[in-house]
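S.K.: Next comes the sequence, and after it the predicted model I'd like to discuss.
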Amino acid sequence: MAEFLRTSGISHQIEEIIINAKEKLVIVSPYLKLTENLFERLKEKDLEEIELIFIYGKSELNENEKRKLDSLQNLSLYYHKNLHAKCYFNESKMLITSMNLYEFSEKNNREMGVLVDKQKDSSIFENAEQESFSILKASNLIKKAATNSKNKKQHSIEEFEFYTEGDISKWLDKTVHLLSLKYDFLEFKKSELSPRIDCESFLTDNLSIEIIPKIKSLRIIFKINGGKNSKFLYNKVEVLGRNSLENSFTARVIGWGNQMNRIKLDFFSEEYPEILKYGKNSIMQTIETIVIGGNIISEILNKRE
């Protein structure tokens, strides 16, 4: 039997639908603005390689939301300009509601919703699911998932079976593999001389990255490679991107290397114990960091004067 929900119950059930997704998660909401708590939940689902499908409309995403969503490698994002419906579902539960996935609604508005169980209310569930995918077909694809959902469980999850947390060599192998899936147009190489991953021309010709894992620290380097223009391009990034980068990572993580034209991100075990475990969560946090930092820096480098 379908269950009626008020505002607080709706917020709780949105989180429960995300947490309990085992195969897929579909979010239909005209407005998208993720709370930190919900984004953490979505990162967990991304790590589990759950198929994520978001459909939004009404307004453009701000840069912070774009960076968050772009870091979810299993997310397909769609835009429908006339969208007004709000619906959240996984393979077994569905919430049809007035609430957007927008933190303002959660804090200030009075909302209503109905929670549907697929087994108990199969007709309602299937009709709403069919309508959601009809909306999807009429929408524009904004971001395609980096991996094929039919192959993810065959290739990605099984590859973690040989994985031992703390094994930097295996961590490097898996990180190269996932970065290559996310950026299938770029080449990521594991160094033969030292524990390191390199990528030349990362998102733009004038940017390269190095990922250097150590026992007590993880360093990610964005290096400006512009020849005679390197100093000018580095200064451009520092002036235009400093606030965005420091808002994303905190100033104490970032080292501004103006002599070598590079931006260093240093994560130390005292403050970031999870990332220094060199396990699954560490890989996903590393990829998220690369996506966010790379997007900010490459957008500035690609800007024409």
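M.R.: Ah, there it is.
S.K.: shaky segments in the stretch 1-150 of the chain?
M.R.: Applying pLDDT under 70 to the stretch 1-150 of the chain picks out residues 103-107, 147-150.
S.K.: how about whichever strand or helix holds residue 177: buried residues?
M.R.: Following DSSP states H and E, the helix or strand that holds residue 177 is helix 168-182. Neighbour-count burial for helix 168-182 flags 170-182 (criterion: 16 or more other C-beta atoms under 10 Å). All C-beta atoms are positioned from the backbone trio N, CA, C, and that covers glycine.
S.K.: Flag every buried residue along stretch 243-251.
M.R.: Neighbour counts using 16+ other C-beta under 10 Å place 244-245, 248-249 of stretch 243-251 among the buried residues.
S.K.: next one: stretch 184-204
M.R.: Neighbour counts using 16+ other C-beta under 10 Å place 188, 190, 196-199, 202-204 of stretch 184-204 among the buried residues.
S.K.: rewinding a little: is it possible to get CSV of the buried residues of stretch 243-251 that adds secondary structure and pLDDT?
M.R.: Putting these into CSV (DSSP: H, G, I helix; E, B strand; the rest coil; pLDDT from 0 to 100) gives the following:
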residue, secondary structure, pLDDT
244, helix, 93
245, helix, 94
248, helix, 91
249, helix, 91
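S.K.: can you redo the residues you listed as a markdown table with distance to residue 139?
M.R.: A markdown table is the format used below for the buried residues of stretch 243-251 (distance: C-beta to C-beta, whole Å):
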| residue | distance to residue 139 |
| --- | --- |
| 244 | 29 |
| 245 | 32 |
| 248 | 29 |
| 249 | 33 |
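S.K.: Next, give me the two most distant ones among the buried residues of stretch 184-204.
M.R.: Taking C-beta to C-beta as the measure, those reach their widest spread between 190 and 204, a distance of 22.5 Å.
S.K.: Domain-wise, how is the protein divided?
M.R.: Residue ranges of the domains in the chain are recorded as 3-143, 163-302, according to automatic domain parsing.
S.K.: Endpoint to endpoint, the first one covers what distance?
M.R.: Spelled out, that is domain 3-143. Criterion C-alpha to C-alpha, to the nearest Å; first-to-last residue distance in domain 3-143 is 34 Å.
S.K.: So what sits opposite the residue nearest to residue 242 when sequence neighbours are not counted in the bridge?
M.R.: Nearest-residue entry for residue 242: residue 256, 7.8 Å, with adjacent residues in sequence omitted and distances by C-beta to C-beta, 6 or more residues apart in numbering. The bridge-partner assignment for residue 256, based on DSSP bridges, gives residue 263.
S.K.: got the contact list for residue 256?
M.R.: For residue 256, the contacting residues are 238, 242, 263, taking C-beta atoms under 8 Å, 6 or more residues apart in numbering as the criterion.
S.K.: now with 10 Å?
M.R.: Listed by C-beta atoms under 10 Å, 6 or more residues apart in numbering, the contact set of residue 256 reads 234, 237-238, 242, 245-246, 262-264.
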